[in-house]
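Novice: Using only what follows, build the 3D model:
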Amino acid sequence: EVHVVESGGGLVQTGGSLRLSCTASGFIFDDYCMGWFRQAPGKGREGVSYISSRDGSTYYSDSVKGRFTISREGAEATVFLQMNSLEPGDTAVYYCAVDSSKCSEWHGSGYWGQGTQVTVSS
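Specialist: Purely as a prediction, here's the structure:
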């Protein structure tokens, strides 16, 4: 059974920082894409940032580029999302997911965590 577990959400003021963590276990992909999506109230799901186990390449949405940094811990299926200069528009439930897709072709298939709330106050 696959488990995807996120942690690190919370409440922060505008301009603050948070670090999200995610660990996935129980899957048997040799290569995978792992990363973060978010969904704000009344809005659709948005891909935020992904990282490839194949070559470490990363993807960022335009809305977070330059403010968020994704990283991976060694050979483990553990990823981090360092979020700096947070804005009220970043308020959402952040979900971690993992799939065998290439990151360039990933649209949210695979295994998902339960999500962690990030709230940025103005």
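Novice: In contact with the residue nearest to the spatial centre of the chain, which residues?
Specialist: The centroid of the chain falls nearest to Trp36 when counting by Cα atoms, centre = their mean (1.9 Å). Shown in contact with Trp36 (Cβ atoms under 8 Å, 6 or more residues apart in numbering): 20, 22, 47-50, 70, 79, 81, 94-97. C-beta: built from backbone N, CA, C; applies to glycine.
Novice: Now which of these would you call buried?
Specialist: 20, 22, 47-50, 70, 79, 81, 94-97 (16 or more other Cβ atoms under 10 Å).
Novice: returning to that earlier point: just the contacts of Trp36 now: which is nearest Ala40?
Specialist: Nearest to Ala40, judged by Cβ to Cβ, of these is Tyr94 at 10.2 Å.
Novice: so what's that closest one up against?
Specialist: Shown in contact with Tyr94 (Cβ under 8 Å, 6+ apart): Glu6, Gly9, Leu20, Trp36, Phe37, Arg38, Val48, Leu81, Gly115, Thr116, Gln117, Val118.
Novice: secondary structure element for the third one?
Specialist: The reference is to Leu20. Assigned by DSSP states H and E, Leu20 belongs to strand 18-25.
Novice: Need the contact partners of that strand.
Specialist: With contact meaning Cβ under 8 Å, 6+ apart, strand 18-25 is reached by 2-10, 12, 34, 36, 76-83, 86, 94, 96, 98, 111, 113, 116, 118.
Novice: Quick one, which of those residues are buried?
Specialist: 4, 6, 8-9, 12, 34, 36, 77-81, 83, 86, 94, 96, 98, 111, 113, 116, 118.
Novice: what about Ser104, neighbour count?
Specialist: 10 (other Cβ atoms under 10 Å).
Novice: quick one: contacts for the residue lying closest to it once chain neighbours are set aside?
Specialist: Using Cβ to Cβ, 6 or more residues apart in numbering and skipping the chain neighbours, the partner closest in space to Ser104 is Tyr59 (7.4 Å). Residues near Tyr59 by Cβ under 8 Å, 6+ apart: Gly35, Gly47, Ser49, Tyr50, Ile51, Cys103, Ser104.
Novice: That'll do, ta.
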